[in-house]
Structures are given as structure tokens and as C-alpha cells.
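>>> sharing a model prediction with you, sequence too.
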Amino acid sequence: MKNILIVLLLLCSVGILAQEGDRIKALKRAHITDALNLTPSEAEKFWPIYNAHEDKMEELRKQGRRAFMELRANGPDNLTDDQANAIIDAGLNNKTLELEYTKELIQNIRKVLPPQKVVKLYRAEEQFKRKLIRMMKEKRGRDRN
């Protein structure tokens, strides 16, 4: 009975986290659409490209988190030189892929947006990150009270 209860609680918490992730994606989409002043036609072409890019970047972040968790579990002092070099190489490869994916994103959205809006995208993403951090800090402050 305890196991069933634990599984149900885990499923509920995963569902809540998924809803929060969907909410954040919706907020980001609204923010970028507004910041770039996308027309409906531009948005229709832009969002599939951007979403595919975000999916690739999320997979890279997951790989990075897994590597970090392994490193954290074992500790850097317990690694052989070969293991440490493998971690370093994987991190560099991850950064290289990030750059390649970003270049691919820019090349693809240049085909559907004017250059001024392509330039605005980076700023809009940075503004959204700051906004999200501020929202999380405010939420954390409310949760503590």
C-alpha cells in the first residue's frame, strides 16, 4: 500500500512539474512573439523552427546534467585521468554542439524573418531569462512567508 501511495505522489509531482514547464514555455512564447512583434504569418513559420531548436538544446542540457550528476556522485578526486579527460571532452563537445545548433537556428530563421527581428531574438531571450529568474525569486519569497 505504501508503494502505491509513493508512486501516486511521484506521478502527481511529475504532472505538476510538467504543467509548470508548459506554463513557462507559453510565457516564453508570448514574450518572444511580443518582443519580436511577429505577424501571424511570421509566427507560423518561426515557431516550428524555434521549437525544434529548443528541443535540441534541451537534450544537450539533459546530457550535461547527467554528466554533472555522475561527476557529483563520484567526486572529481576519484576520477582517473582518462575519465577526467572524457568529461572535459564531453563538455567541449556539448559547447560545440550548442554553437552549431545556434548557427543552424539563425540560418533557418533568416529565411522567415527580417534581419532586424533576428537580431532582436537574442535580446528577447535574455530578457525572458531575467524575467523568469525574477519570477522564481518572488515565488520563493512568497513560499517562505
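Noted; the coordinates are in hand.
>>> pLDDT weak spots in the protein?
For the chain, the stretches with pLDDT under 70 are 1-18, 145.
>>> and the residue most central in space within it, what helix or strand is that in?
Centroid-nearest residue in the chain, with CA atoms, centre = their mean: Glu58, separated by 4.9 Å. According to DSSP states H and E, Glu58 maps onto helix 40-74.
>>> now the helix or strand following that helix: buried residues?
The helix or strand immediately downstream of helix 40-74 is helix 81-110, counting by DSSP H and E. Residues Ile87, Tyr101, Leu105, Asn108, Ile109 are the ones in helix 81-110 that count as buried (16 or more other CB atoms under 10 Å). Every C-beta, even on glycine, is put in place using the N, C-alpha and C of the backbone.
>>> how much space between the first one and Arg130?
What that stands for is Ile87. Counting by CB to CB, to the nearest Å, the gap from Ile87 to Arg130 is 30 Å.
>>> mind listing what the closest residue to Gln63 other than its chain neighbours touches?
Counting by CB to CB, 6 or more residues apart in numbering, Gln63 lies nearest to Asn94, which is 6.5 Å off, once chain neighbours are set aside. Contacts for Asn94 were tallied using CB atoms under 8 Å, 6 or more residues apart in numbering; they are Leu60, Gln63, Gly64.
>>> wait, doesn't the last one sit right on Gly91?
The one in question is Gly64. Yes: shown here, Gly64 and Gly91 form a contact pair, counting by CB atoms under 8 Å, at 7.5 Å.
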